[in-house]
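1. Take this sequence and fold it.
(chains A and B)
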Protein chains: 2
Amino acid sequence: MYTFAAPLGRALRIAADSCAVVSGDHRRTYAELGSRCRRLAGALRGLGLVPGDRVGVIGLNSDRYLELYLGVPAAGFVLAPVNSRLAAAEMRAILQDAGVRVLFTDGGYAGAVAERVVTMPGEYEDLISAADEVPLGEGVAEDDLAVLFYTSGTTGAAKGAMHSHRGLVSSGLHFMATWPFDRDTRWLVSSPMFHTGGTIAMMATVWSGGTHVMMPSFEPDLALDLIEREGVTHTLLVPTMLAAAASAQLSRPRDVSSLRYLSHGASPITTETLKRTRRAFPGAELLHVYGTTETTPITTLLPHEERILDTPRAGSCGQPAVGVDVRVIDASGAEVPPAVVGEIIVRSPSVMTGYWQKPEETAAVLAGDWYRTGDLGYQDEESYLYLVDRAKDMIVSGGESIYSTEVESALSSHPSVDEVAVFGVPDERWGEAVHAVVVCRTDVTADELIAHCRARIARFKVPKRIELRAEPLPKSAAGKILKRDLRDPYWATRQTRVGGA
Amino acid sequence: MYTFAAPLGRALRIAADSCAVVSGDHRRTYAELGSRCRRLAGALRGLGLVPGDRVGVIGLNSDRYLELYLGVPAAGFVLAPVNSRLAAAEMRAILQDAGVRVLFTDGGYAGAVAERVVTMPGEYEDLISAADEVPLGEGVAEDDLAVLFYTSGTTGAAKGAMHSHRGLVSSGLHFMATWPFDRDTRWLVSSPMFHTGGTIAMMATVWSGGTHVMMPSFEPDLALDLIEREGVTHTLLVPTMLAAAASAQLSRPRDVSSLRYLSHGASPITTETLKRTRRAFPGAELLHVYGTTETTPITTLLPHEERILDTPRAGSCGQPAVGVDVRVIDASGAEVPPAVVGEIIVRSPSVMTGYWQKPEETAAVLAGDWYRTGDLGYQDEESYLYLVDRAKDMIVSGGESIYSTEVESALSSHPSVDEVAVFGVPDERWGEAVHAVVVCRTDVTADELIAHCRARIARFKVPKRIELRAEPLPKSAAGKILKRDLRDPYWATRQTRVGGA
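-> The predicted structure follows:
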C-alpha cells in the first residue's frame, strides 16, 4: 500500500541506525527521525487536529521540514508547504485557501491566519518533546490527500495542487526505475522544499534508507562544501544553481568525486552550461527532468545527458518516465504525429487529483485521466520530448514559475498605467528575467512602478526591467496585445533549450 | 494506471524499432510484438470471448508465449499458464478449475477440456493473421484479474493464485527499484513461464524497451551460447540451473562478459555453488530472490550477494523489496523480535488477491492485507530474512514446489501401502529430491510403487527413492507420523541455506 508510512516503515526496518538526515550540526538516524515523526503526530492530535486537517509550513530546508514532510501525511493530516519567498499577502492567501489549522514557521512569517502558529526550532521542539508517540500510517488510505503544493495561477490566486499518498509514493518508484537509490545514497536537498523539485527524491531516498543532506537555501560554495564533507552522491539543481556551482567548482575545486548523479530541471538551460557542468563534475551522470507541480514533477527524464551533448537530442527533455504517459495533442484533442507541435498532456498515478476547492480550474486541466500541462512541444519518433513554448504565458526565473498575467495585474493596479505587457527575456544568471513594457497616461518612473509591485507581489516576480513607451502597444485585430511581437526580438539571437518544472 | 497496457504502451513509444524478443530464429521488434498482441486480442474477441474470460496456455517458453502473457491480459482476458510438466490429469484439473475457454498449446497437451484448443505455431499463426487489430488496455482497470498462476496444494488440488494488473505491474516496479533495467537490457528467460520466476522480469524489461531472449527450456550449453551470441545482460536461474551453467562455463568458457546481473531463487543453494558461480561469471552481480507464487514472487532481495559470501549474511534471502512489507509472527499473530523464528507474512500491492474460487483456502492465508507464506524464518536487526523451514511441508526440487502430502496421497492410493512419509532429502543436482518411506501390508517393490505414482502425478513429483520398511513408522502420542525424525538424519551433516520461490 503506497502511503507515506511505507517508505518510512521500510527505512526504519532496514536502516534504523543509518543517518537519515544531516542538517547543520544535527545528524539524525532513521530511528530518531521515526520517533520524532511519531511524536509530531502525537502533538498534532494533542492540538485537536482530525484526519484530513491541513498543516502549513513556511521555512527554509531543514531536518524539521523533512519531519513535517514525512510525518504530517503519515499521521493522516495534509501538509501545505508555502513558498517562503512570497509577499506576506500572498502567504496569507494560501494559508486561508488551504484552511491551515496549525502553521509551522522558522520566522519567515508573522501573520496570524492559522489557529496556532508554532515557531521553529524552539516551540517545535517543546511541542514534540512533550508529546507521546503515535503510530504512523494507521487509517491512512492510498488515495487520501497527502500534500497541497501551491502553484501560482494566471489570475493571481495560487492554486493548491492536490497530491495523494499514492501519487507521491509512486512518483518515487518512477524515479527509482531510472536512477539507482540505495542505502549509500546521500541526496543533497538543494531546491526549496515548498516546490516539488525540493522533495522530488525524498520518497526514493527514504525507501532506500539513504541520507538527506539539507541545505537551508542554495549557495554554491556551501553546496560544494557539503558535497565534499558529506560525500553527496545525488542532487537536483535548477540551471541557475548548476551554473553557479560549476563556476565555483572550476574556480576553487573541491573533491566532488562522490557526486555520481546530477539532475537539473525547471528552467531553460544552455548547452554551454551543461558543458561547463560536465567539466566541473566529470564523474556525474547528468539527468534532465521535465515536469510541473501538478505532475509531482517527474514526467520526462533524459538520463546520461552527458553522452548526447553534441547531438540534436541535447535539446530534448527526454522520454516519458516509467509509469508516466505523455502525449502531444492538437486543439481538437487528437494526438499529433511526431515532430508536430501541440499541447503536452500527462497521465500517471503520480499526477495530482485536482486543485484544492477549485472545481472549475480542475476541470479546465483534468479530463478523464489526462492532465493538460498547457506547455507546447513535440515528440520525435522515439517520444523524446521537446518544449517549444509555454501555453500558459509563464516565465521561469531561477527555478520559480511566474505567470506574466499576475505581474501585469500588479502593474495595472497603478493608477498611471494604461497598457502593460510582461514576458521573460533571456538572462545569464536567472535563465529568464521578468521584463515589462508599459504605456502610462501620466508621468511615472520605472522605480515608482517597481516599488508599487514590491508592495503587492513576491520579490522574485517583480520586473527586473521596466521599459516605458509613449506609443500604444501593438495589437491584434481583436484588440489583444501582441506580446510575442514585443518578446521575440529578445530571443531571436539565442538557441535555447527549454525544460520547465 | 498500472495495467499491462502501460509497460507495452511505453515500449511501443520509446523503442518501437528495438528488438523485443529473440526466440529461435525469430526476432521481433516492439512494433511487431504490439501488432501481434493487438491481433491476438482481435482473434480472441472473434472467438466470442468476453472480458474476464480465461485463456490457458501449455507450452515451452517462446515468443508466442510472451505475446500471450502480455496480450491476453492487456485485451481484458485472464491468462492461466499451466505447468507443462504435469501429468495429463493434473493439467485437466487446472483447465477445468480455471474454466478455460480457449487453450493455446504447442503440443504438450492433447486433452479436450477447453471449448477451443489452438495449437502453436500453426493454428496460432493462422488465427492472428486472419484477425483485425484491437486496441489494448481499453476498459481494463488496475484491479482486474490478469493472470492465474497455479500452485500445487497440500490436498493435491492445484490452486490458482489471482494476480491483478496492478499486482504484476507494481512487482515490476519493485524489481526496477533494486536492479537497473533500460533499453540495453537483454533478459534471458531461463525459467519456465508457467512459474512466476519465468515472468519475473517481463514487466521491467518491457517497460524499459529491453529485449527478451527466450530459451524454450533450460540447457546449460544453450544458455551460455545465448548469453554470448545475444549479449545477455540479466537473467534468473534456479540453483540447479546455476550449478549446471557454472560447470559448463568452467569446462568450456564462452564470452559471458555481457552478463552483469545474475539472480537466483526458488531453492536451497550452497555457498560452494555461489562461489563456483562467481568464478564462472566474474563480471556479474549476484542477487538472491525469495518469494512465492502468491507474492509475484518478489518479496525479499539480496543484491550484491557476491560481496558477502564469506559473511553470516550469505545465509540470508535479503531484505524486503521496495514496496513489500515482510514480518515474522508467532502463533498468536504478534510480531516476534529479531532472531526469533516465526511464520513469514507479506503485504504489498504485488501480493495475490486470493485463490480462484477457493474462499476457504484464501481465508486461510489472507488476513486483511497480509499474506501468510507458511514459511518459517527469522529476521536480523536490519530485516535480513533467514528461512529455516517450510511450514507447509513443501519440497523444492529443481525449482518446482512439491507438497509432500500430494505424493503421499498418490502412494497411499496403492492397495498395498499401509503407512507413508514423504520428504525432501539433499540432492547435489536438484537441491532436494523427493524421498518416500513406506510400510506395506503385502509384498510390493519400489519400482511398482513408482510406476503407480507415474500414472497419477507429474514425473518431477514422483519419489526419486522409495525406502521400504517392515516396522511401523515413529509416531507422536496423537498418532501423527513423526516425519521430522525420519527426515533429520539426511540433513544432519549439511549446512544448507534455503531460499524458495
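2. For stretch A:303-321, list every residue counted as buried.
-> Using 16 or more other Cβ atoms under 10 Å in any protein chain shown as the test for burial, stretch A:303-321 gives A:303, A:305-306, A:313-321. Backbone N, C-alpha and C define where each C-beta goes, glycine included.
3. Now the two most distant members of these.
-> A:E306 and A:P320 (20.8 Å; Cβ to Cβ).
4. For the stretch 201-350 of chain A, which residues score under the pLDDT cut-off?
-> In the predicted model of the stretch 201-350 of chain A, residues A:268 satisfy pLDDT under 70.
5. how about the residues of it that lie near chain B?
-> Within reach of chain B by Cβ under 8 Å from any Cβ of the partner chain, the stretch 201-350 of chain A has these residues: A:207-208, A:303, A:319-320, A:322-323, A:325, A:347-349.
6. With secondary structure and distance to B:F423 as extra columns, can I get these in TSV?
-> As requested, those are arranged in TSV below (DSSP: H, G, I helix; E, B strand; the rest coil; distance: Cβ to Cβ, whole Å):
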residue	secondary structure	distance to B:F423
A:W207	helix	40
A:S208	helix	40
A:P303	coil	50
A:Q319	strand	52
A:P320	strand	51
A:V322	coil	44
A:G323	coil	45
A:D325	strand	51
A:R347	strand	52
A:S348	coil	49
A:P349	coil	46
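7. Please identify the helix or strand for the closest residue to A:G46 other than its chain neighbours.
-> Setting aside the residues directly before and after it, A:G46 is nearest to A:A131 in space (Cβ to Cβ, 6 or more residues apart in numbering or on different chains), at 5.9 Å. Taking DSSP states H and E as the definition, one finds A:A131 inside no helix or strand.
8. what does the helix or strand where A:G160 lies contact?
-> Assigned by DSSP H and E, A:G160 belongs to strand A:159-164. For strand A:159-164, the surrounding residues in contact (Cβ atoms under 8 Å, 6 or more residues apart in numbering or on different chains) are A:80, A:94, A:97-98, A:142-151, A:153, A:293-294, A:296, A:352-358, A:361.
9. Show me those that map onto strands.
-> With strands identified by DSSP state E, the entries of those that belong to them are A:80, A:145-151, A:354-355.
10. my read is A:A433 is in a strand, agree?
-> Yes - the assignment for A:A433, made by DSSP: H, G, I helix; E, B strand; the rest coil, places it in a strand.
11. Excluding covalently adjacent residues, which one is nearest to it?
-> A:D427 (3.8 Å).
12. residues touching the one you found, list them.
-> A:D427 makes contact with A:397, A:433, A:464 under the criterion Cβ under 8 Å, 6+ apart.
13. at 10 Å instead, please
-> With contacts taken as Cβ atoms under 10 Å, 6 or more residues apart in numbering or on different chains, A:D427 has the following neighbours: A:240, A:268, A:397-398, A:433-435, A:464-465, A:490.
14. what's the distance between A:A321 and A:T185?
-> A:A321 sits 18 Å away from A:T185, going by Cβ to Cβ, to the nearest Å.
15. go on, A:S170?
-> 19 Å.
16. quick one: contacts for the most centrally placed residue in chain A?
-> The geometric centre of chain A, computed from its C-alpha atoms, lies nearest to A:H195 (Cα atoms, centre = their mean), at 3.0 Å. The contact partners of A:H195, taken as Cβ under 10 Å, 6+ apart, are A:81, A:83, A:149-151, A:238, A:266, A:293, A:297, A:399-401, A:501.
17. For chain A, give me the ranges with low pLDDT.
-> In the predicted model of chain A, residues A:108, A:110, A:112, A:153-156, A:268, A:389-392, A:477-480, A:493-501 satisfy pLDDT under 70.
18. quick one: which of the contacts of A:D427 is nearest chain B?
-> A:P268 (24.1 Å; Cβ to the nearest Cβ).
19. coming back round to it: neighbour count winner among A:S170 and A:T185?
-> Neighbours of A:S170 and A:T185, each counted by other Cβ atoms under 10 Å in any protein chain shown, are more numerous for A:S170; the result is 27 against 21.
20. Thanks a lot, catch you later.
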